[in-house]
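# got a structure for you, letters missing:
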């Protein structure tokens, strides 16, 4: 069976009760995107899924992938995965939107992760300090920080048990040797609950949208033994470089080119030594506390090392 056929069957299984489409119909849509328009398979799958969501009048959280696997929090390292978690509610926060019933922090022995429970999901409430088996939750990502969403397909079972929550804070000292693509002035999808970075003005879920500007750095820090991927959000980027979101937008407008922002940031930070502390989410460290250090800087060697990664 071809990969496209398997993807088509997976998508069809999600919508068989909602739309009048065959597996062949789904495969034809995938084939057009992948073979004719050279869209990556993962993006094509999201696009076709979005098409059938619109046709059925459903939200992404209304459907399941059809299966979910038991996972530990530290294993969450990509969005749109359906998983089961056994976790403790560490704290609850005040929701900022009427569409959100509860939001807070979950923890297990491997780390912590944010969760969101949608109001329309009509699920039972979670209590601080409670331990729950959460089946069929979907992962999400924003600036390297992973989270999970509880939706109408999620099953919640409270456990008469306690679990020890692990510490996932990291401290790194080393040279910032590279700045990855997707750094500088970027645009995100403006749809509520969507955090995708736009590629050529398109969101994988919502198609062509206007987008909202954001600022970030995706850096690689070498501590002499390992390379660590570090995310600096807009606030951390401004603290590190002195360039805030409004100034970045002005720079891009003056040059009629958004890449000037990343170029200016790269000039400032690549080759500089830092101590960085922050939580670990998947493969990323989120920079919460950054201190510039003195250290030998060999620009040519750092570039050679960065290009070899």
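Perfect, I can see it now. Just so we're clear, the structure is a prediction, and the values are computed from it rather than from any experiment. Numbers count the residues shown, from 1 in each chain.

# The residue most central in space within the chain sits in which helix or strand?
Taking Cα atoms, centre = their mean, the centroid of the chain lies closest to residue 141, which sits 1.8 Å from it. Here residue 141 is covered by strand 131-142, with elements defined by DSSP states H and E.

# so what strands line up beside that strand?
Here strand 131-142 is paired, per DSSP bridges, with strand 82-93 (antiparallel), strand 145-150 (antiparallel), strand 155-159 (antiparallel).

# What ranges does the stretch 1-150 of the chain have for its helices?
Assigned helices in the stretch 1-150 of the chain, in chain order: 3-15, 23-31, 41-56 (criterion: DSSP state H, counting those that start in this stretch).

# out of those helices, nearest to residue 133?
helix 3-15 (23.3 Å; Cβ to Cβ). The way it works is simple: take the backbone N, C-alpha and C, and place the C-beta from them, glycine included.

# List the buried residues in the closest one.
Buried residues in helix 3-15, defined by neighbour count with 16 or more other Cβ atoms under 10 Å: 4, 7-8, 10-15.

# now the residues you listed in a markdown table, with distance to residue 227 and pLDDT?
Supplementary listing: these in a markdown table, determined by distance: Cβ to Cβ, whole Å; pLDDT from 0 to 100:
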| residue | distance to residue 227 | pLDDT |
| --- | --- | --- |
| 4 | 35 | 87 |
| 7 | 32 | 83 |
| 8 | 38 | 86 |
| 10 | 34 | 79 |
| 11 | 36 | 84 |
| 12 | 41 | 84 |
| 13 | 39 | 79 |
| 14 | 38 | 78 |
| 15 | 41 | 82 |
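
# So which of those residues is the closest to residue 240?
Distance ranking of the buried residues of helix 3-15 against residue 240, using Cβ to Cβ, places residue 7 first at 40.5 Å.

# which residues sit against the strand holding residue 141?
Counting by Cβ atoms under 8 Å, 6 or more residues apart in numbering, the neighbours of strand 131-142 from elsewhere in the structure are 60-61, 64-65, 68, 76, 78-89, 106, 115-116, 126, 146-151, 153-159, 161-163, 195, 282.

# Ok, stretch 240-252 next?
Residues beyond stretch 240-252 that count as contacts (Cβ under 8 Å, 6+ apart) turn out to be 184-185, 213-215, 217, 232, 234, 237-238, 258, 260-261, 264-265, 268-269, 287, 290.

# Mind giving me the PyMOL command for buried ones among the residues you listed?
The PyMOL selection below is limited to those of those classed as buried (16+ other Cβ under 10 Å):
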select buried, resi 184+185+214+215+217+232+234+237+238+258+260+261+264+265+269+287+290
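
# So which of the contacts of stretch 240-252 sit within strands?
184-185, 213-215, 217, 232, 290 (DSSP state E).

# Stretch 176-191 spans what distance, first to last residue?
Start to finish, the residues bounding stretch 176-191 are 33 Å apart (Cα to Cα, to the nearest Å).

# so which of the buried residues of helix 3-15 comes closest to residue 225?
Closest approach between the buried residues of helix 3-15 and residue 225, by Cβ to Cβ: residue 7, at 39.1 Å.

# Which parts of the chain belong to which domain?
3-58, 69-159, 169-307 (automatic domain parsing).

# rewinding a little: of the buried residues of helix 3-15, closest to residue 199?
When the buried residues of helix 3-15 are compared against residue 199 (criterion: Cβ to Cβ), the nearest one is residue 7, at 19.9 Å.

# And the ones in strands among the contacts of stretch 240-252, which two are furthest apart?
213 and 290 (22.4 Å).

# May I have the beta-bridge partners of residue 199?
In this structure, residue 199 has beta-bridge partners residue 202, where bridges are defined by DSSP bridges.

# neighbours of it, just the number please.
Neighbours of residue 199 under the rule other Cβ atoms under 10 Å: 11.

# Poorly predicted segments of this protein, please.
Residues of the chain meeting the criterion pLDDT under 70: 1-2, 60-67, 143-144, 167-168, 193-194, 281-282, 295-309.
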